[in-house]
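*Asks:* Next comes the sequence, and after it the predicted model I'd like to discuss.
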There are 2 protein chains.
Amino acid sequence: MTTPLLTRTPRLDGDDPQAKRLEIYDHFIATFDRYESLFDTLATADAYYRKPIALRHPLIFYFGHTATFFVNKLVLAGLLEQRIEPRFESMFAVGVDEMGWDDLDESNYDWPSVQAVRDYRNRVRHVVGGLIERLPLTLPIGWDSPWWPILMGIEHERIHLETSSVLIRQQRLDLVRTDPAWAPCRETGEPPPNQLLPVPAGTVQLGQDQASDPWYGWDNEYGTHEAEVPAFAVARMLVSNREFLAFVEAGGYEDDGWWTAEGLAWRQFSLARYPSFWVPEPAGWRLRLMLEEVAMPWNWPVEVNYHEARAFCQWQSARTGAAVRLPTEDEWYRLYDAAGVAEVPTEGPGPANRHLDHWASSCPVDRFRHGDFCDVVGNLWQWTETPIYPFAGFRVHPLYDDFTTPTFDGRHNLFKGGSWVSCGNESLRSARYAFRRHFFQHAGFRYVVGEAPGLPPASHYESDRQLSEYAEFHYGAEYFGVPNFPKAVADLALRCVGDRALGRALDLGCAAGRSSFELARRCPDVIGIDFSARFVGLGVQMAGEGVLRYTLVEEGELVSWREVRLQDLGLEGVRERVAFVQGDACNLKPQFVGFDLILAANLIDRLYSPALFLGSVHERLNPGGLLVLASPYTWLTEHTPREEWLGGFKRDGENVTTLDGLKAVLGSHFRLIEGPVEIPFVIRETRRKFQHSLSEVTVWERR
Amino acid sequence: MTTPLLTRTPRLDGDDPQAKRLEIYDHFIATFDRYESLFDTLATADAYYRKPIALRHPLIFYFGHTATFFVNKLVLAGLLEQRIEPRFESMFAVGVDEMGWDDLDESNYDWPSVQAVRDYRNRVRHVVGGLIERLPLTLPIGWDSPWWPILMGIEHERIHLETSSVLIRQQRLDLVRTDPAWAPCRETGEPPPNQLLPVPAGTVQLGQDQASDPWYGWDNEYGTHEAEVPAFAVARMLVSNREFLAFVEAGGYEDDGWWTAEGLAWRQFSLARYPSFWVPEPAGWRLRLMLEEVAMPWNWPVEVNYHEARAFCQWQSARTGAAVRLPTEDEWYRLYDAAGVAEVPTEGPGPANRHLDHWASSCPVDRFRHGDFCDVVGNLWQWTETPIYPFAGFRVHPLYDDFTTPTFDGRHNLFKGGSWVSCGNESLRSARYAFRRHFFQHAGFRYVVGEAPGLPPASHYESDRQLSEYAEFHYGAEYFGVPNFPKAVADLALRCVGDRALGRALDLGCAAGRSSFELARRCPDVIGIDFSARFVGLGVQMAGEGVLRYTLVEEGELVSWREVRLQDLGLEGVRERVAFVQGDACNLKPQFVGFDLILAANLIDRLYSPALFLGSVHERLNPGGLLVLASPYTWLTEHTPREEWLGGFKRDGENVTTLDGLKAVLGSHFRLIEGPVEIPFVIRETRRKFQHSLSEVTVWERR
């Protein structure tokens, strides 16, 4: 290509702020320029307004969008007091999700002219450039630095440099023109046969550290993840067009058996019969590049989505008898480490087809060697089996809280290694990008043969409001200085147990399960039971994975993102001692007997018949065993019919409190040995609204 | 009569506990005996089971009830561990309200035999007697003493001594028998003409003091009330049967014009055409006494309910041209003081027909003179115009929280002075008993001519849950150490006002009005506006009367009773400066302009269009005036359509907080001069459940 080497994403440390300021300025200008040069490949104004694919905005949006993004984040960060062009900044703010259908009515948009957007970009360029010249700079630059949103804007534009190049590749050929600044590779031929090579077992460590990693990163790249990766075999090269042709010619697109249900749904919707950028001609297959069509370069890597890659693997497995599949993210890192790949060099083109160092296209699959392998990085992104998930310690950046979080849904798979146009942060080892599995980017795959991978890590953020509130109530922050309630009640119960035997405990109405874990500090066998299977699910997840993630309402529809871990509560060691099951306190199954302790916290005023539970609970306790009750006695007919209340009414003219009722129903089998005492609890509803209650605790010893 | 003088209600102070113990023992036995002797007048067992009037239980209930009352209160007080006869104690617990229709299905009751109840009474007598012999006694005996429920039981039985005597008087004549222990007066004749005598103006002081008044009293008798009573004229004697006959013969029961709507409804329902105890015979009127019928004693006082008494006064007014009416409670006390009446003497029969000192019936209206008047006390209760209301400082006794409170409804009028059978506490100057206006007791009336009395004091206890919670929120206790919120916000507003002029202030969304009063400490003209007329009603009452009364939910259906006063908050002096009106913040009337301060606390997230309010609020402020906003930003579509929220959502991909929204809508007319700061508030829902929120406060100065 005829352009100079594109600036690398800058290190954010150093001891010369003025030099860093200039480096960032150059980086900003280079990125802004290079992005605009991409749009020079559009042959006509029509190319800006005719949508390349139905589900995304036309290119004019993306032309304006990266400039608007700067403005929005700088306003949000308080670095810019006035918007530059409010109408544009509303219009260019939000892209279209790959599966969204909401905002596609183009009649909502009255797109401005290309020149108007170009002028707008110049104004933004001036404002951001001026800011970079003047803003006080202290090194290193961290998450909280005012420079972070500037770097965010630059890296954001580099992402769109790549995704817009895909859209241009999807634009009609007569609407684009070749450009020496965006020249493709001309090396083609037949690939050598692919082969599986061994990668020995090893440990991989993922996750940037805000303190020690001196580059810009997106939220999902921070935190920690360490994994032992068993030995596996991996294809030496990316799957080439030639290698993939066998699958196409074998009728792979017609045989439903190779496809997942989701993949099949996509294939039937899209009517795909071969890879998206392949062009069938009477004279044979051709390939659509970004700006031209060429005779099929058979030794270039094939571009497919996850579904096509996976179908190929299934077909390959059946053909070879080996368990061929896509790698996990961990396996890709093991390959990276084993192959001895390095980051993109700061000087001169690197030894990989990435960062626009060589061409504006793929190149042969054996062009760049990394150890025993080819294209461990670069050429194309490589699909993995792993849906994106948050590392331990994940938190969102306050200036861009929905960069990753909406993709923690098990439906966005990671791809790794970067393509020929992946620049800046995208080209770092730590880069983690994920797309819907049916989506096209400059992406292909390499396959592995190895042990079946475990279940993908949980990525789900619980957003059911009630479950989230209880996850926070049980495992989250303390508010108004009120100590964690499920722990306080369990601690009181354990204190009352004292020197008694404690072989088996029941936490009835366990909700999110915190008390169960707390009881397990002393009790080897704790069962948590809740009427709500949804609550039981929280406990099961916590016991199984040691982590819960959820969103909390801040204000209106705005949420924050939380992660809580048993480990941080000193409870990691008791996970095996706790089991959670669904059950009805008023109709418990017969096997739940022989307990030394039964805790029922904030339960009795939610039962349809508390007397039914309390009248027979002694049968489930060993002699001398303890029943611990805690309740705010909030009787409501929606939970408990009036005639089933234990107290809170007049009978024969006199007040009957719930404590009176408890004494009456428990008196014949129990002795009250502690309480009543009140333990406070707080349930957070929004950032500024809480339920603050007092639970009356009584401890009863079975006679 | 042939019985010894009935024991007086004992003083509860002194320095000889053993003597006091014996006095109380004698008092208990005398009361228990005298009550049983009343039932000896029933001629047959049938008399116990045949209901004298449809709306009350048969006499067997009342025979058991006074014993059960002892047991219930002693159990409640923790002085009795075991019930004596649970089945009886359920059956004999609750009487029938004079207007209740709920519990009248006698098939619910399987009344026991008279002998069984007699045996039960003996067991109770033994238990209570034993308790009196053994219970440690410290003098003086106060509300919190374990002796209080014992005295309560005795005084309760004395009330039923009177009310049961009325029921026996209403029983069929063939079911009762005369008894020398219950002999009536035999003195009859013609009364002298009644006449009006002057009572000079004066101050009356009502209300027992728990610290200094050494007698048992019921809850409503405590507290303080002082009133200036203008001069008035009052009938020298109670209205006699003779005097009332003129009204009957004049067709007073047929002329609807003399009756109130409520009185007319009663008269039409009851078909009354003459006083209830009058018996028309061919030979002339006769009178039903408790145990016999006699020729009409024309010079005895007529027995009527309030409606009949009031109709007589209306008729009398029309006839004489004077404004004849019933006295108020205050006027009765003025009469009492002016006449120089004393309490019932401890030794020998007193100079009044009360306390069973003379007969078991009325006597001539001129038989007992008190100063210039007759029967200021005794003979019959005297109806007043005053519905019972709580004195300042009223609180319920925890062992009998529904003795009075259900009658604070404006429908129960006080009567004063006691009848021939009013004993114990009933005979004290401080006694305050009230009945539904249509009810019959041994009650008549005397009339007055004087200035029209003012409105009766408010007696209503707000029990609407939301209003009560806000009354407590604004004027009641502090919870979790969180300072009163409406005061805290007003204080902050006044601090920001500083040295600015403050001629007129608006408290928008004033709810129960506390902030309005707080602002009035500095501002001479405060208007409180709320969308809810119900809330405005609380403010109006507080401004008008300086007091609010309400019930608070404790647990389930159980409530406690609260009273709050401006005086106790140091706000009595600013009542005149505050006005409350109903209004809509989004559509305020044009006259609400020219303010120096507008406070909108916890308002904006409850408006249907906050922007409508905020967009024009500057027009209502003087230049330099302040707008103080406080809100937890709890946006809910039930109050504010989603498209009207000021913040709490993403717009163009970025978080928009409510503060962002406020800055946008207010920016052109205001300068933010203080905040955001958070002020906490707590709203009590039950004894153990609270809303605990944070309100973000911002102060804006009009440019």
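*Replies:* Good, I have the coordinates.
*Asks:* so residue A:117 touches residue A:63, yeah?
*Replies:* Yes. Using C-beta atoms under 8 Å, residue A:117 is in contact with residue A:63, at 5.3 Å. For every residue, glycine as well, the C-beta is placed using N, CA and C.
*Asks:* mind giving me the domain split of chain A?
*Replies:* A:17-182, A:217-449, A:465-702 (automatic domain parsing).
*Asks:* so which of those comes closest to chain B?
*Replies:* Set against chain B and scored by C-beta to the nearest C-beta, those come closest in domain A:465-702, at 1.8 Å.
*Asks:* Which parts of the stretch 351-500 of chain A are helices?
*Replies:* Under the criterion DSSP state H, counting those that start in this stretch, the stretch 351-500 of chain A contains helices at A:465-475, A:485-497.
*Asks:* what comes into contact with the helix or strand just after the longest one?
*Replies:* In this case it means helix A:485-497. Next in sequence after helix A:485-497, counting helices and strands by DSSP states H and E, comes strand A:505-508. By C-beta atoms under 8 Å, 6 or more residues apart in numbering or on different chains, the residues outside strand A:505-508 that reach it are A:513, A:515-516, A:519-520, A:523, A:525-529, A:585, A:588, A:592, A:595-601, A:603, A:620.
*Asks:* and if we set it to 7 Å?
*Replies:* Residues from elsewhere that reach strand A:505-508 (C-beta atoms under 7 Å, 6 or more residues apart in numbering or on different chains): A:515-516, A:519, A:523, A:526-529, A:585, A:592, A:595-600, A:603.
*Asks:* Give the rounded mean pLDDT of that strand.
*Replies:* Here strand A:505-508 scores 98 as its mean pLDDT.
*Asks:* That strand pairs with which strands?
*Replies:* Using DSSP bridges, the strands paired with strand A:505-508 are strand A:526-530 (parallel), strand A:595-601 (parallel).
*Asks:* thinking again about what came up before, redo the helices of the stretch 351-500 of chain A as CSV? Include mean neighbour count, distance to chain B and mean pLDDT.
*Replies:* Below are the helices of the stretch 351-500 of chain A laid out as CSV (neighbours: other C-beta atoms under 10 Å in any protein chain shown; distance: least, C-beta to the nearest C-beta, whole Å; pLDDT from 0 to 100):
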stretch, mean neighbour count, distance to chain B, mean pLDDT
helix A:465-475, 22, 13, 95
helix A:485-497, 21, 13, 98
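*Asks:* wait, which of these is closest to residue A:554?
*Replies:* Residue A:554 sits nearest to helix A:465-475 of all these, at 11.8 Å, using C-beta to C-beta.
*Asks:* Run the angle between the closest one and helix A:485-497 for me.
*Replies:* 50 degrees (axes from the mean of the first three to the mean of the last three C-alpha atoms, to 10 degrees).
*Asks:* Packing partners of helix A:465-475?
*Replies:* helix A:533-545, strand A:547-555, strand A:558-565, strand A:670-686 (3 or more C-beta pairs under 7 Å, 6 or more residues apart in numbering or on different chains; DSSP states H and E).
*Asks:* can we see that at 6 Å?
*Replies:* Using 3 or more C-beta pairs under 6 Å, 6 or more residues apart in numbering or on different chains; DSSP states H and E, the elements in contact with helix A:465-475 are strand A:547-555, strand A:670-686.
*Asks:* Tell me which residues of the longest one come out buried.
*Replies:* Buried positions in strand A:670-686, judged by neighbour count with 16 or more other C-beta atoms under 10 Å in any protein chain shown: A:670, A:674, A:675, A:679, A:680, A:681, A:682, A:683, A:684, A:685, A:686.
*Asks:* So which of those sits lowest on pLDDT?
*Replies:* Within these, residue A:675 has the lowest pLDDT, namely 89.
*Asks:* Spit out the contact partners of that one.
*Replies:* A:697, A:698, A:699 (C-beta atoms under 6 Å, 6 or more residues apart in numbering or on different chains).
*Asks:* filter those to the buried ones?
*Replies:* In the contacts of residue A:675, the ones that pass as buried (16+ other C-beta under 10 Å) are A:697, A:698, A:699.
*Asks:* Keep those, but drop any that are not near chain B.
*Replies:* Filtering the buried ones among the contacts of residue A:675 for proximity to chain B by C-beta under 6 Å from any C-beta of the partner chain leaves nothing.
*Asks:* What about those residues, which are in helices?
*Replies:* Assignment to helices by DSSP state H places none of the buried ones among the contacts of residue A:675 there.
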